[in-house]
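**Q** Requesting a structural model of the entry that follows:
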Amino acid sequence: MTAPSVAAAPPASPATPGSGGARLAAIDVFRGVAILAVVLHHLTGMALGFTQQGSTLRLALAVLNRSLHFVVPAFVFITALVLTRSAMRRLDLKTYYVARVRTALLPYVLWTVLYVLFRVATHLDPASILADPARWLFWLQYGKGYYHLYFLLIVLQFYLVLPLLLPLWRRRWPFVAVLATALVGQLLVYHLNHVGVLHFRFPGTMALWYLPSITLGMYFGANEGAFGALWARWRWAIVAVTLLALAWYVPVSVELLEGRAVSSLTYSAANWTYTAAAVLALFGLSQGLAAVQARWRGALVYLGTVSLQIFLIHPGVLRILKHFGFPGHTGPFLAVVVLYGLVALAVPLVIARVLEGRALSRWLFGR
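**A** The predicted structure is shown next:
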């Protein structure tokens, strides 16, 4: 599952390629594409429950759904990049942590409460759970208030330790060494958890499970121009690795989705390889799209600026739409998928627009 940065999104501004405004636009384009992928991922996951086992439609939806697993690493990457870039220029610890409480911790707690109430209202859980302190602790500790909220918990963990990591990036390390260290470190974390040293109850809710994305984000955030140089020289290699990793990851992931036995190490290694490559490919694509002067580019930028609002609200919209189900035939089924996707985007966009600049928006979304 997926998610956007809870750091304040910088305003996009049209500018010439290579300017600071173009870089900000590229970040919002990245977020815009990524949030569309998040909604599609959750939508196809919901639709899978209405398909027949073994059908072509189910296989197609499963392949698309698993291919979109880069979304959480993508938002972790862009959060690390933006915040590292800002912190490397100036970091006052008191201001930094006060801002993180206001823009990240309070919205996380508030949305946990709102979604637990939503679960009770939609009969996913009995009302009696509201009086259980142990359940509330569980929801907040592991981001389990609703299925998408764990992303906010991952970001909060990163925010907590970022000042401790900044000294590592005061010098420019070779990119290959940084990438290799991140991947080896990720495998070490997997091993330590597998043998019971770390005891991660839900590894996917821990920032340490996203070391490649965090490391790459911090590297490019700390080294101005490093990504542009990398992309200019190695873009086709990055795209090729992404496609090869996708061909490795999707079959393994679909097997797991269908309940068949899959090696945990194989699955995790394929996931980390694919998502790390896909994040770089997506960021490179975003650089190119940001330079295009077209209405759809402006739409992507706007989606990027309200990606957090879309992320937080759309799962509730999909839950309501799920009650209406899907038709039994492929053509109408796909038409309803498109319709549900548009509704899942439209509702958060309207809410974001209505609340823009109001105090309630600052409470709900930290901005």
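**Q** Helices along the stretch 1-150 of the chain, start to end?
**A** Assigned by DSSP state H, counting those that start in this stretch, the stretch 1-150 of the chain shows helices spanning 20-48, 56-67, 71-89, 93-100, 106-121, 133-142, 150-165.
**Q** Oh, that last question was meant for the stretch 201-350 of the chain, not what I typed.
**A** Taking DSSP H, counting those that start in this stretch, the helices of the stretch 201-350 of the chain run over residues 211-222, 226-257, 264-290, 295-305, 307-322, 330-355.
**Q** what inclination does the longest one have with respect to helix 20-48?
**A** Counting by axes from the mean of the first three to the mean of the last three C-alpha atoms, to 10 degrees, helix 226-257 points 0 degrees away from the direction of helix 20-48.
**Q** Next: the shortest one.
**A** Put simply, helix 295-305 runs at 80 degrees to helix 20-48, going by the same axes, to 10 degrees.
**Q** Buried residues in helix 295-305, which are they?
**A** Neighbour-count burial for helix 295-305, with 16 or more other C-beta atoms under 10 Å as criterion, is recorded at 297-298, 300-301, 303-305. Glycine gets a C-beta too; all of them are placed from N, C-alpha and C.
**Q** And the second one, by the same measure?
**A** Along helix 226-257, the positions that meet the burial threshold by neighbour count (16+ other C-beta under 10 Å) are 227-228, 230-231, 235, 238-239, 241-242, 245-246, 248-250, 252-257.
**Q** can you check the first one too?
**A** Buried positions in helix 211-222, judged by neighbour count with 16+ other C-beta under 10 Å: 211-222.
**Q** Run through who's touching it.
**A** The list of residues contacting helix 211-222 from outside it, by C-beta atoms under 8 Å, 6 or more residues apart in numbering, reads 73-74, 76-85, 88, 158, 165, 168-170, 172-173, 175, 178-179, 181-183, 185-186, 189, 207, 226-227, 272, 275-276, 279-280, 283.
**Q** Next, give phi and psi for Phe50.
**A** Phe50 has phi and psi values of phi -110, psi 10 when expressed as degrees, to the nearest 10.
**Q** Who's the closest spatial neighbour of it, skipping the chain neighbours?
**A** Counting by C-beta to C-beta, 6 or more residues apart in numbering, Phe50 lies nearest to Phe326, which is 4.2 Å off, once chain neighbours are set aside.
**Q** So that neighbour versus Ala47, what's the distance?
**A** Computed as C-beta to C-beta, to the nearest Å, the Phe326 to Ala47 distance reads 6 Å.
**Q** Below-threshold pLDDT in this protein: ranges please.
**A** For the chain, the stretches flagged by pLDDT under 70 are 1-23.
**Q** and if we set it to 80?
**A** Along the chain, the model assigns pLDDT under 80 to residues 1-24.
**Q** Quick check: Gly341 touching His41?
**A** No: applying C-beta atoms under 8 Å, one finds Gly341 not in contact with His41, separated by 10.8 Å.
**Q** Could you check how far Leu68 is from Leu43?
**A** 10 Å.
**Q** cool, and Ala237?
**A** Taking C-beta to C-beta, one finds Ala237 at 32 Å from Leu43.
**Q** now Leu162
**A** Taking C-beta to C-beta as the measure, Leu162 falls 33 Å from Leu43.
**Q** Looking at these two, which one has more neighbours?
**A** Higher neighbour count among Leu162 and Leu43: Leu43, with 24 against 19, using other C-beta atoms under 10 Å.
**Q** For the more buried one, give me its contacts.
**A** Applying C-beta under 8 Å, 6+ apart, the residues near Leu43 are 318, 337, 340-341, 344.
**Q** which one of those residues is nearest Ala60?
**A** Val337 (10.9 Å; C-beta to C-beta).
**Q** For Ala344, see how far away Leu40 is.
**A** Distance from Leu40 to Ala344, by C-beta to C-beta: 9 Å.
**Q** Count the residues that sit near the closest residue to Gly325 other than its chain neighbours.
**A** Among residues not flanking Gly325 along the chain, Phe50 sits closest, at 6.2 Å (C-beta to C-beta, 6+ apart). Applying other C-beta under 10 Å, we find 17 residues neighbouring Phe50.
**Q** Identify the residues contacting Phe50.
**A** 325-326, 333.
**Q** what number of residues lie near Arg170?
**A** Around Arg170 there are 8 residues (other C-beta under 10 Å).
**Q** My error: substitute Asp132 in the last question.
**A** Using other C-beta under 10 Å, Asp132 is surrounded by 10 other residues.
**Q** same deal with Ala127?
**A** Per other C-beta under 10 Å, the neighbour tally for Ala127 reads 10.
**Q** now it: how far from Arg119?
**A** On the measure of C-beta to C-beta, Ala127 and Arg119 end up 10 Å apart.
**Q** Please apply the same query to Ala222.
**A** From Ala222 across to Arg119, the span is 40 Å (C-beta to C-beta).
**Q** and what of Gln157?
**A** Shown here: Gln157 relative to Arg119, a distance of 24 Å by C-beta to C-beta.
**Q** now Ala294
**A** As for Ala294, its distance to Arg119 is 41 Å (criterion: C-beta to C-beta).
**Q** How about Ala346?
**A** According to C-beta to C-beta, Ala346 and Arg119 sit 23 Å apart.
**Q** Which one's more surrounded, these two?
**A** Neighbour count, other C-beta under 10 Å: between Ala346 and Arg119, Arg119 has more, with 19 against 13.
**Q** just checking, the more buried one touches Tyr146?
**A** Yes: Arg119 lies in contact with Tyr146 (C-beta under 8 Å); the separation is 7.0 Å.
**Q** Can you name the residues in contact with the helix or strand harbouring Val176?
**A** Val176 belongs to helix 175-194 when assigned by DSSP states H and E. Residues from elsewhere that reach helix 175-194, judged by C-beta under 8 Å, 6+ apart: 198-200, 203, 208-209, 211-212, 214-216, 219, 226, 230, 264-265, 268-269, 272-273, 276.
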